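S.K.: Please find the sequence and the predicted model below.
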Amino acid sequence: MNFRYILLTFFCACLFVKANGQETFTVKGTVHRKSSPDVLSLVLVTNLRTKVLAVSDEQGNFPIQASMGDSLLFKKIDYAPQIFVVTSSLDFNVYLQPVVLLKEVSIKEQTKRQEINEMMGLYKSTGGYYTLKPSTWSALNSPLTALYETFGQAPNRARKFQALTQEELEHIEVTKRYNTELIKKVTGLTDDKDVKDFTDVFTPGYQDIKTWTDYEVVNYIKISYDYYKKNKTQVKLPALY
């Protein structure tokens with residue numbers, strides 16, 4: 001057999017393999033806040049080629065399926081999007097730049113809700129299902145779809161992401177009525193660090209804040225701050241709710 005023919009056949013076979021089947025492996029990484037030791041949770045990671053999704057955990061870590069040359073998109077509310085190109089199977093770090101936040105709480109809330117809805121839409125479009133909680137009707141008419149929506153990996157990831165973002169949405173509702181400006185006005189504090197030290201210990205829960213009147217919110221701040229002034233030298237203080 002002609003040597004040139006053998007060489008040409010081998011070359012064509014290599015091109016075919018490369019074009020039709022890239023090696024897929026698990027890439028692991030950690031997401032950080034840029035210029036800070038802080039790690040970031042709830043970061044949505046998207047493989048732009050395969051549309052596979054992942055979400056960083058409380059330690060900022062995530063695993064995602066990828067191939068050499070894939071582009072990974074990192075998105076988190078209040079941070080600039082970042083794209084990372086996979087060039088090896090080694091673990092890597094990603095650093096997201098915080099963006100300047102709008103002062104208006106209502107606008108910020110709307111932005112957060114829109115972005116969360118967009119992320120949930122990505123889960124739905126890539127998972128091949130139309131609801132995070134299958135109905136009885138869908139189970140009767142399409143049992144395979146209902147089973148996938150209940151036990152499939154993509155729906156499970158979506159439900160996990162939905163649960164994680166629920167806490168952030170509740171935090172928005174709390175800060176609408178319990179914020180730095182109000183705390184400074186009631187307590188007389190002027191330094192943002194002092195306010196943060198106070199709120200780290202005394203921040204009411206979502207279930208409380210949604211039922212309290214404005215008077216009850218102010219009264220909670222007064223009582224909590226009186227207690228805080230007398231006990232702030234302690235390492236940990238019990239909250240009064």
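M.R.: Thanks, I have the structure now. Predicted model, so just to flag it, every value in this text is computed and none were measured.

S.K.: Please identify which helix or strand holds the nearest residue to Thr199 once chain neighbours are set aside.
M.R.: Among residues not flanking Thr199 along the chain, Ile183 sits closest, at 6.7 Å (C-beta to C-beta, 6 or more residues apart in numbering). (Each C-beta comes from the backbone N, C-alpha and C, glycine too.) Using DSSP states H and E, Ile183 falls within helix 180-187.

S.K.: tell me the angle of the helix or strand just after that helix relative to helix 180-187?
M.R.: Toward the C-terminus, helix 180-187 is succeeded by helix 192-201 as the next helix or strand (DSSP H and E). Angle between the axes of helix 192-201 and helix 180-187 is 90 degrees (criterion: axes from the mean of the first three to the mean of the last three C-alpha atoms, to 10 degrees).

S.K.: for the strand ranked longest in the chain, packing partners?
M.R.: Longest strand of the chain, by residue count under DSSP state E: strand 25-33. Contacts defined by 3 or more C-beta pairs under 8 Å, 6 or more residues apart in numbering; DSSP states H and E place strand 25-33 against strand 61-66, strand 92-96.

S.K.: now for those strands, which one comes closest to Thr199?
M.R.: strand 92-96 (24.0 Å; C-beta to C-beta).

S.K.: Output the closest one as PDB - backbone C-alpha positions only.
M.R.: C-alpha atoms of strand 92-96 as PDB (Å, rounded to 0.1, in the frame of the first residue of the first chain):
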ATOM      1  CA  PHE A  92      -8.400  27.000  38.400                       C
ATOM      2  CA  ASN A  93      -9.500  30.200  40.000                       C
ATOM      3  CA  VAL A  94     -11.900  32.900  38.600                       C
ATOM      4  CA  TYR A  95     -12.100  36.400  39.900                       C
ATOM      5  CA  LEU A  96     -15.300  38.400  39.500                       C
END
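
S.K.: how about it: buried residues?
M.R.: The neighbour-count check on strand 92-96 (16 or more other C-beta atoms under 10 Å) flags Val94, Tyr95, Leu96 as buried.

S.K.: Show me what that strand is packed against.
M.R.: Short answer (3+ C-beta pairs under 8 Å, 6+ apart): strand 92-96 packs on strand 25-33, strand 82-85.

S.K.: does Ile64 have beta-bridge partners, and which?
M.R.: Val27 (DSSP bridges).

S.K.: next one: Lys75
M.R.: Taking DSSP bridges as the rule, Lys75 bridges to Leu44.

S.K.: any idea how far it lies from Phe25?
M.R.: Between Lys75 and Phe25 the distance is 23 Å, computed by C-beta to C-beta, to the nearest Å.

S.K.: who's more crowded, those two?
M.R.: Lys75 (17 against 12; other C-beta atoms under 10 Å).
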